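J.: Got a predicted model here, sequence first, then my questions.
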Amino acid sequence: AQSVTQLGSHVSVSEGALVLLRCNYSSSVPPYLFWYVQYPNQGLQLLLKYTSAATLVKGINGFEAEFKKSETSFHLTKPSAHMSDAAEYFCAVSHTGGFKTIFGAGTRLFVKA
Amino acid sequence: SQTIHQWPATLVQPVGSPLSLECTVEGTSNPNLYWYRQAAGRGLQLLFYSVGIGQISSEVPQNLSASRPQDRQFILSSKKLLLSDSGFYLCAWSLENTEAFFGQGTRLTVV
């Protein structure tokens, strides 16, 4: 069975500071990994995905994530936070493509001026 | 391009009333379709998925059911709503090698 654990339900950073959202996964097969962002009362938007190609994945809005098999991690980073980054972020895993994607509990990011 | 429509956006229903939420996908054929429920602070829980017309798999036992009467139509239903059915419901689709694409969600409040 696959699962995702997101460390920290809330993360607060100052505008311009580094954003680091942590995600660890469990999978018996090589995983597909995703980060999605959700703004209030909206659906989920894909930030980036790992599909067994390059381990450092670049996404939209300046976000990137690194797949580390030895640590079973897929942490999301952004060098400099912007007020518009305030949202909820979900890490997710699946066996193949987006089939039956399993989501973590989410991390709400707060950005202080 | 592909789009996904989900309605209504918000819904307030009394306990014991029926429910029907509808989702349609445009611009693709034979997608995998999903219903997720999101409860506050608990992430997204996969409720149902479908790989084809009339083919429905349930991931968790519950008061809800799903149907897929057409290739790009997915319906979430209940005969009698419970208070615990309140939440944010999201429809999504994917193809074999794509990520899941989500609708805008329906906020259901059972009173």
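T.: Looks like it arrived, so ask away.

J.: From here on, just use CA atoms for contacts and neighbour counts.
T.: Will do.

J.: Any stretches of the chain with poor pLDDT?
T.: Since you didn't name a chain, this refers to chain A. Within chain A, no range satisfies pLDDT under 70.

J.: try chain B instead
T.: Checking chain B against pLDDT under 70 turns up B:41.

J.: what's the closest non-adjacent residue to the spatially most central residue of chain A?
T.: Centroid-nearest residue in chain A, with CA atoms, centre = their mean: A:W35, separated by 3.4 Å. Spatial nearest neighbour of A:W35, excluding adjacent residues (CA to CA, 6 or more residues apart in numbering or on different chains): A:C91 at 4.6 Å.

J.: Now for the one you found, how many residues are close by?
T.: 30 (other CA atoms under 10 Å in any protein chain shown).

J.: so where does it fall, helix or strand?
T.: Using DSSP states H and E, A:C91 sits in strand A:87-94.

J.: near chain A, which residues of chain B?
T.: Near chain A, the residues belonging to chain B are B:32, B:34, B:41-46, B:49, B:90, B:94-105, B:107 when assessed by CA under 8 Å from any CA of the partner chain.

J.: from those residues, which would you call buried?
T.: B:32, B:34, B:43-46, B:49, B:90, B:94-95, B:99-105, B:107 (16 or more other CA atoms under 10 Å in any protein chain shown).

J.: Flag every residue of chain A that's near chain B.
T.: A:9, A:41-46, A:49, A:90, A:96-106.

J.: which residues does the residue nearest to the centre of chain A contact?
T.: Taking CA atoms under 8 Å, 6 or more residues apart in numbering or on different chains, we find A:W35 in contact with A:L46, A:L47, A:L48, A:K49, A:L76, A:Y89, A:F90, A:C91, A:A92.

J.: do you know how far it is from B:S77?
T.: Distance, A:W35 to B:S77, using CA to CA, to the nearest Å: 29 Å.
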